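*Asks:* Just need the structure, nothing else, for what follows:
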Amino acid sequence: MIDRERYESGQSFPDFLDTAQKNAELWRGVWGKSRVPADIVQRVEATGHQWRILVLSEDWCGDAVNVVPLVARLVEACPNLLDLRLLARDQNLDLMDAHLTGTSRSIPVVILLDDQYRECGWWGPRPTELQQWVLGPGQALPKDDRYRETRRWYARDGGRSTLEEITRLLEAC
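*Replies:* From the prediction side, this is the model:
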């Protein structure tokens, strides 16, 4: 399903950022504010393994705009161990459909690949605590209000939950 050619056909994060049309200002803003805590970097480095990270995303996705820049910052902080490529969800539905959240094509999906492009695990579309809220109490809100509360949650969390969960996945691999 994923081989070297397909992985390398994905965009680097800087290229993705340069070509984002929807929410472009928000993408750049989140990227500019994203930071990776030193303890997360140390834990990734302690794995001692090199990983390829393939992300299924689209520039219109509110969760992706809050998650993907963090993943890119993690890769930037661990350049000898991590490499990142992004593929468009809508042009890679076979991959998307193999990584569904229930029956939904929710993004982003972060896929961890070893040096042979074998999948070790995947994460997405949002941190566990936020996902539980969105699928539970958040359903009572109108879509615009739910989105606003989701953005507030991401801002309060500062990316810690996302980075923690992805780091745990890397450690488990």
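
*Asks:* who touches the residue of the chain most remote from its centre in this structure?
*Replies:* For the chain, the C-alpha lying farthest from the average C-alpha position belongs to Ala140; by Cα atoms, centre = their mean, that distance is 26.0 Å. With contacts defined as Cβ atoms under 8 Å, 6 or more residues apart in numbering, Ala140 has no neighbours. In short, each C-beta sits where N, CA and C put it, glycine included.

*Asks:* From Arg148, how far out is it?
*Replies:* Distance, Ala140 to Arg148, by Cβ to Cβ, to the nearest Å: 14 Å.

*Asks:* Next: Met96.
*Replies:* When Cβ to Cβ is applied, the distance between Met96 and Arg148 equals 26 Å.

*Asks:* More neighbours: which of those two?
*Replies:* Met96 (19 against 13; other Cβ atoms under 10 Å).

*Asks:* my guess is that one meets Thr103, correct?
*Replies:* No - checked against Cβ atoms under 8 Å, the pair Met96 and Thr103 is beyond contact range at 11.8 Å.

*Asks:* Which parts of the protein are helices?
*Replies:* For the chain, the helices identified by DSSP state H occupy 4-9, 13-19, 24-33, 38-47, 62-77, 93-97, 128-135, 143-157, 160-172, in order along the chain.

*Asks:* Alright, calling it a day.
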